[in-house]
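Student: Okay, sequence plus prediction incoming.
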Amino acid sequence: MAQGIKTPPSPMPDSTVVNGVRATLGAGTPAEKRGSYVIDIRNLHRIYESEAGYTHALKGISLQVPRGEFLCIMGPSGSGKSTLMNILGCLDTPTSGTYLLEGLDVSTLDDDELTALRASRLGFVFQSFNLLPRTTVLRNVELPLVYTNTAPKKRHEIARKALASVGLPEQYYDHNSNEISGGQMQRVAIARALVNDPAVILADEPTGNLDSATGLMVLQTFRKLSEQGKTIVLITHDEEVSTWADRTMHIRDGKLLTDEEERAARAASTSHGRGRT
């Protein structure tokens, strides 16, 4: 751990089990507040060590996301947004700080439990779709259910409902995923993210590989899911995409900023640049 950033000792937390995953309620959190946010991160730091030295990718980030919110996080390349997304998706661990998912302290989980948590409580949507190309649309959507030992008949039923919820016509269900359009592929990817009824859908630049008209259809799908009560965290660098969200945060040099703070930072940067000319 980098010098100067330490995690203070905590009282013994309470244990619980969710979807077969042993997890821990955040120590020191009042019982009535635990789980009030789907995502609750406090003073999060992520520091990478290499031969060149330390890279402080995330610097004291705190963020609370209530259930049903559509949150957009904006930032340029190298700002720390991918690092934050990896931590939210339990694909990486912070150097210090606390991350509670539905009130559960994910730092207490071992690798198998983190895998189970990702499979049951998180849905992922990627810029590159990540579908199996020579596998049918229906089978692609069913795949997460295979790993939860869901019976085949039940898998078909759940996958069909997920595909219907994102507006994909039934005529495409038996097509291989490489036989449909980019917008249709992204809707299949969203349906796949929904099949385990996750607490959060994490979308990383989901319109990045799509033309504007197709991207609009995908954003309409996210908006509809949000109105149905799904919690969505979408990362993008596109300001037009952010207008579809309930709230937008900005990540700049590893720090999370509100819209107002981002505008002030831009104004200060512009003023500094003019002062140098």
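Tutor: Done, it's in.

Student: Would you tell me what helix or strand the residue nearest the centre of the chain is located in?
Tutor: With distances taken as C-alpha atoms, centre = their mean, L202 lies nearest the centre of the chain, 2.5 Å away. Per DSSP states H and E: L202 is located in strand 200-204.

Student: Report all helices and strands that that strand contacts.
Tutor: Counting contacts by 3 or more C-beta pairs under 8 Å, 6 or more residues apart in numbering; DSSP states H and E, strand 200-204 is packed against helix 81-88, strand 122-126, helix 182-194, helix 212-227, strand 231-236. (C-beta placed from N, C-alpha, C; glycine too.)

Student: can you list contacts of it?
Tutor: 38-39, 65, 82, 85, 88-89, 101, 121-127, 190, 193-194, 222, 225, 230-235 (C-beta atoms under 8 Å, 6 or more residues apart in numbering).

Student: can you check stretch 55-67 too?
Tutor: With contact meaning C-beta under 8 Å, 6+ apart, stretch 55-67 is reached by 2, 36-49, 71, 80, 83-84, 87, 94, 97, 199-200, 229, 231, 233, 249, 251, 253-256.

Student: Just the buried ones from those?
Tutor: Buried by 16 or more other C-beta atoms under 10 Å: 37-41, 44-47, 71, 80, 83-84, 87, 94, 97, 199-200, 231, 233, 249, 251, 254, 256, out of the contacts of stretch 55-67.

Student: what about the strands in the chain?
Tutor: 15-18, 21-25, 39-50, 53-65, 70-74, 96-101, 104-105, 122-126, 200-204, 231-236, 247-252, 255-257 (DSSP state E).

Student: count of residues packed around the nearest residue to Y48 once chain neighbours are set aside?
Tutor: Nearest residue to Y48, sequence neighbours excluded (C-beta to C-beta, 6 or more residues apart in numbering): T55, at 4.5 Å. Residues contacting T55 under the criterion other C-beta atoms under 10 Å number 14.

Student: From here on, call the first residue 8.
Tutor: New numbering, starting at 8: the last item is T62.

Student: mind checking how far T62 is from G85?
Tutor: Using C-beta to C-beta, to the nearest Å, we find T62 at a distance of 10 Å from G85.

Student: And D218, by the same measure?
Tutor: Distance from D218 to G85, by C-beta to C-beta: 26 Å.

Student: again with T115
Tutor: 31 Å.

Student: higher neighbour count, those two?
Tutor: Between T115 and G85, counted using other C-beta under 10 Å, the more crowded position is T115 (15 against 10).

Student: Dump the C-alpha coordinates for stretch 140-155 into PDB.
Tutor: This file holds the C-alpha atoms of stretch 140-155, laid out as PDB (Å, rounded to 0.1, in the frame of the first residue of the first chain):
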ATOM      1  CA  PRO A 140     -20.800 -14.900 -32.600                       C
ATOM      2  CA  ARG A 141     -21.800 -18.400 -33.800                       C
ATOM      3  CA  THR A 142     -24.400 -18.900 -31.000                       C
ATOM      4  CA  THR A 143     -28.000 -17.900 -31.200                       C
ATOM      5  CA  VAL A 144     -29.400 -14.800 -29.600                       C
ATOM      6  CA  LEU A 145     -31.500 -16.800 -27.200                       C
ATOM      7  CA  ARG A 146     -28.500 -19.000 -26.100                       C
ATOM      8  CA  ASN A 147     -26.300 -15.900 -25.600                       C
ATOM      9  CA  VAL A 148     -28.900 -14.500 -23.200                       C
ATOM     10  CA  GLU A 149     -29.300 -17.800 -21.400                       C
ATOM     11  CA  LEU A 150     -25.600 -18.200 -20.700                       C
ATOM     12  CA  PRO A 151     -25.500 -16.400 -17.300                       C
ATOM     13  CA  LEU A 152     -28.300 -18.700 -16.100                       C
ATOM     14  CA  VAL A 153     -26.200 -21.800 -17.100                       C
ATOM     15  CA  TYR A 154     -23.700 -20.900 -14.400                       C
ATOM     16  CA  THR A 155     -26.500 -20.600 -11.700                       C
END
